[in-house]
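> sequence plus the predicted model coming up.
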Amino acid sequence: MATAEEVAKAAERRDIRDRWLLSAPALLVIFLAATGPLLIVLVYSFLTPGSYGDVKWQFSPEAWIAVFLERDIFDDTLSVAAAHVTIFLRSIKLSVVTTIATLVLGFPTAYFMATRSEKTRDLWLFLITIPFWTNLLIRTFAVLQIIRNEGIVNTILLKLGIISSPIQILYTDTAILIGMAYVYLPLMVLPIYASMEKLDFRLVEAGYDLYATRFKVLRKIIFPLVKPGVIAGSILVFIPALGAYVTPSVLGGGKNMMLSNLIELQFGQGRNWPLGSALSIAVMIIVMVALLAYVRNAGKSGVRHG
Amino acid sequence: MPDKPDRNAIEVVKVSKIFGSGEGQVAALDTVSVSIRENEFFTLLGPSGCGKTTLLRLIAGFDFPTAGEILLYGQDIAPLPPFKRPVNTVFQSYALFPHMTVAENIGFGLEMLGKPKAEIKARVDAMLKLVKMEALSARRTSQISGGQQQRVALARALAPQPKVLLLDEPLSALDYKLRKEMQIELKRLQHETGITFIFVTHDQEEALTMSDRIAVMSSGKILQVGSPRDIYDRPSERFVADFIGESNFLKAEVVGVSAGRATVKLSSGTEIPASLPEGLVPKGKVTIVVRPEHAQLSAASPSASLSGTVENIVYLGTDTHFHLRLADGEPFIVRRQNSRGTGDGIVQGGKVGILIGGDAAQVLKD
């Protein structure tokens, strides 16, 4: 006869085994869909490019060298790949500015939403999500219609006589910025709103009561308490902004490339899959480093709830 | 501290507050006027929805009156935002800042006032000592108990030395024993700091224990203002008598008025003296109130004010409640303090007389 303890142990073992079995399909999908392709990209980055795309199964560090350096075609000396560096810096700069712009626009929006009555809050939330119903490419073309030389903005300004010739917005960094800020704004608003909705507005009253002006209340009470939302929103905007492809290709006109466009170029016309792979991994590393630095920095003075 | 009973810290002059608009508008306060003296422990007492918290919020500046003035030492503060009023609040929920330590919470007001660091530190230390929280100054507010949070909330509101401290039902979240302790603690703090306290509560016992004066509120109006003894012994309206303590209401007819007192005829035909609320000259039929402990039982006799039948006797240790039914069918309760070894022959179903003494009855306005 098995003792009660043995029975319990056997049951527990069975339980654990069942859990693994039940989650196996999900784990398999996650492995194949997420880790698998990543491993392929990592392996490709150390191979030699084939003449018509694809790769030759031959080890080569050339792709990694080419991420930031350029080999002179005549004497094989290495120099900094100015084009790549420019694109890296532009991508990082545009992503950072996009994050800041969406934060500046999104924070008051989230505050506005969170301070509405409970019924109207849902309506605002619904309105914020409406852009997601339309394809990203179409939304980007809509922005193009607004800012192009014959677009609404320029037409109105011309008609009003404020300007005498159209302002060139399209195919500049500004155009990319406007497009990205528009596309990623909901990703900033939603997490901040989620934090803000949980904020106890009696704390705001307590702040006013204790002689804090509106600005001080914002800085000393509201901001520290919704910081988790601000961090989440910034991450949600920064990462896709750094990897944005559609917006810079449509609004930047292929002239002002961002990282994704550069990577796409390597897999397409460039026929240099290893370099494309190496660039992809490099972007991932940048994102990871930036995130770690950001979270650590933000966490230092951050909120420690309960 | 020299008492200056004539100086008013706060004067509320004909203040109304209407929420909403059109059909759905609600008057939370209806032309309320009241003066609160310097260094006074003043209580706004009333059931929920009577407007007491609204009045407090108007004084704090979280809401603005629809009409009327609020004077702080003679200056109209009604249009000022809360951060420009030398008035601090202890919130019902405490509203301590969760991202700050106990000491940071207490120092917040002083920091916002731009006081030098050394002064803030000295003041925070003094406050921590005042509320006996020195040992926990570096804790987060989430790491301390409800009673301790209460003390921190008090210290935070007292630290900037406000001219008036507003307390919005601050004890309602505490358990009974702690509440008793804090009642005495609040009274002590008020004495030590000499700050005018305006305390909001729906708990009559709390109000009677702590207040110098009480304003009883109902449906957006102040019904009566007076010392706890005044309010209890001389309620001016039925609502006040009913809300505070137990009451016997009797129908009576005024037969004579002289020098602030009236003679009224009870349903039994007996005439008894009764006090009048200030400014009332009653005529005809009135209601009078008699507190259960202010009436005495006697043997049934024609000389008793009233007579009735004993329906129920409830023994409560320190005293006994006699539930009577009067000859005209109205209920009447007499409360008598117990002494040892009394067996007075009053039994359930027996007939008794009720004596209402010279100062026991009070005529009500309504």
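Happy to help now that I have it.
> check the offset of the top helix by length along chain A from the chain's centre.
In chain A, with assignment by DSSP state H, the single longest helix is helix A:82-114. Counting by CA atoms, centre = their mean, to the nearest Å, helix A:82-114 is centred 9 Å from the centre of its parent chain.
> report the buried residues of the helix or strand just after it.
Later in the chain than helix A:82-114, the nearest helix or strand by DSSP states H and E is helix A:118-129. Along helix A:118-129, these residues count as buried under the neighbour rule (16 or more other CB atoms under 10 Å in any protein chain shown): A:W124, A:L125, A:I128. Every residue, glycine included, has its C-beta placed from N, CA and C.
> re earlier: list the buried residues in the longest helix of chain A.
By neighbour count with 16+ other CB under 10 Å, helix A:82-114 contains the buried residues A:84, A:87-88, A:90-92, A:94-95, A:97-99, A:101-103, A:106-107, A:109-111, A:113-114.
> can you check stretch B:260-274 too?
Quick answer for stretch B:260-274 (16+ other CB under 10 Å): B:A262, B:V264, B:L266, B:S268, B:T270, B:I272, B:P273, B:A274.
> equivalent analysis for stretch B:301-321, please.
Under the neighbour-count criterion of 16+ other CB under 10 Å, stretch B:301-321 has B:A304, B:S305, B:L306, B:S307, B:G308, B:V310, B:T320, B:H321 buried.
> can you list the residues of the stretch 151-300 of chain A near chain B?
When proximity is defined as CB under 8 Å from any CB of the partner chain, the stretch 151-300 of chain A approaches chain B at A:200, A:202-203, A:205-213, A:216, A:220-221, A:224-225.
> give me the buried subset of those.
Among these, those classed as buried by 16+ other CB under 10 Å are A:203, A:205-212, A:216, A:220-221, A:224-225.
> for stretch B:37-44, C-alpha coordinates in PDB please.
Provided in PDB are the C-alpha atoms of stretch B:37-44 (Å, rounded to 0.1, in the frame of the first residue of the first chain):
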ATOM      1  CA  ARG B  37     -13.900  81.000  16.200                       C
ATOM      2  CA  GLU B  38     -10.200  81.000  16.500                       C
ATOM      3  CA  ASN B  39      -8.600  78.000  18.300                       C
ATOM      4  CA  GLU B  40     -11.900  76.200  18.300                       C
ATOM      5  CA  PHE B  41     -12.600  72.500  17.800                       C
ATOM      6  CA  PHE B  42     -15.600  72.900  15.500                       C
ATOM      7  CA  THR B  43     -17.600  69.900  14.200                       C
ATOM      8  CA  LEU B  44     -19.900  69.700  11.200                       C
END
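> which other residues reach it?
B:1, B:3-9, B:36, B:52, B:55-56, B:187, B:190, B:194-201, B:206-207, B:210-215, B:217 (CB atoms under 8 Å, 6 or more residues apart in numbering or on different chains).
> same question, stretch B:325-343
Outside stretch B:325-343, the residues within contact range by CB under 8 Å, 6+ apart are B:246, B:248-251, B:267-268, B:292-293, B:295-297, B:306-309, B:311, B:315, B:317-324, B:354.
> can you check stretch A:248-258 too?
For stretch A:248-258, using CB under 8 Å, 6+ apart, the contacting residues are A:87, A:90-91, A:94, A:137, A:140-141, A:143-144, A:147, A:170-173, A:175-176, A:178-179, A:244-245, A:260-261, A:265.
> how about stretch A:221-238?
Residues contacting stretch A:221-238 (CB under 8 Å, 6+ apart): A:95-96, A:98-99, A:102-103, A:106-107, A:110-111, A:184, A:187-196, A:199, A:203-204, A:207, A:212, A:287, A:290-291, A:294-295, A:298, A:301-303, B:97-99.
> so for A:I146, what's the nearest residue that isn't a sequence neighbour?
Leaving aside its sequence neighbours, A:I146 sits nearest to A:I152 (CB to CB, 6 or more residues apart in numbering or on different chains; 5.2 Å).
> next, count neighbours for that neighbour.
Neighbours of A:I152 under the rule other CB atoms under 10 Å in any protein chain shown: 11.
> again with B:L45
For B:L45, using other CB under 10 Å, the count is 28.
> rewinding a little: okay, the angle between the longest helix of chain A and helix A:118-129?
Angle between the axes of helix A:82-114 and helix A:118-129 is 160 degrees (criterion: axes from the mean of the first three to the mean of the last three CA atoms, to 10 degrees).
> show me how chain A divides into domains.
What automatic domain parsing lists as the domains of chain A is A:4-79, A:85-300.
> close to chain A: what parts of chain B are there?
By CB under 8 Å from any CB, the residues of chain B that approach chain A are B:60-62, B:81-83, B:87-89, B:91, B:93, B:95-99, B:108-109, B:112-113, B:140, B:142, B:156-157, B:160.
> again, only using 6 Å
Counting by CB under 6 Å from any CB of the partner chain, the residues of chain B close to chain A are B:62, B:82-83, B:88-89, B:93, B:95, B:99, B:108-109, B:112-113, B:142.
> residue ranges with poor pLDDT in chain A?
Within chain A, the ranges that satisfy pLDDT under 70 run A:1-2, A:299-306.
> tell me which residues in the longest strand anywhere in it are buried?
Criterion DSSP state E: the longest strand present in chain A is strand A:55-59. Across strand A:55-59, burial judged by 16+ other CB under 10 Å covers A:V55.
> give me the contacts around it.
If you take CB atoms under 6 Å, 6 or more residues apart in numbering or on different chains as the criterion, strand A:55-59 is touched by A:Y44, A:F46, A:L47, A:T48, A:G50, A:W273.
> go again using 7 Å as the cut-off
Outside strand A:55-59, the residues within contact range by CB atoms under 7 Å, 6 or more residues apart in numbering or on different chains are A:Y44, A:F46, A:L47, A:T48, A:P49, A:G50, A:W273, A:P274.
> the contacts of stretch A:221-238 in helices, which ones?
Per DSSP H, the contacts of stretch A:221-238 map to helices at A:95-96, A:98-99, A:102-103, A:106-107, A:110-111, A:184, A:187-196, A:203-204, A:207, A:287, A:290-291, A:294-295, A:298.
> and the closest residue to B:T101 other than its chain neighbours, what element?
Using CB to CB, 6+ apart and skipping residues adjacent in sequence, the residue nearest B:T101 is B:A138, 5.4 Å away. Per DSSP H and E: B:A138 is located in neither a helix nor a strand.
> in the one helix or strand B:R151 maps to, what's buried?
Using DSSP H and E, B:R151 falls within helix B:146-158. By neighbour count on 16+ other CB under 10 Å, the buried set for helix B:146-158 is B:G147, B:Q148, B:Q149, B:Q150, B:R151, B:V152, B:A153, B:L154, B:A155, B:R156, B:A157, B:L158.
> wait, a strand at A:L137?
No - looking at A:L137 with DSSP: H, G, I helix; E, B strand; the rest coil, it is helix, so not inside a strand.
> just give the number of residues close to it.
For A:L137, the neighbour count with other CB under 10 Å is 12.
> and the closest residue to it other than its chain neighbours, what are its phi and psi?
Spatial nearest neighbour of A:L137, chain neighbours left out: A:V246 (5.5 Å); criterion: CB to CB, 6+ apart. Here is the backbone geometry of A:V246 (degrees, to the nearest 10): phi -60, psi -50.
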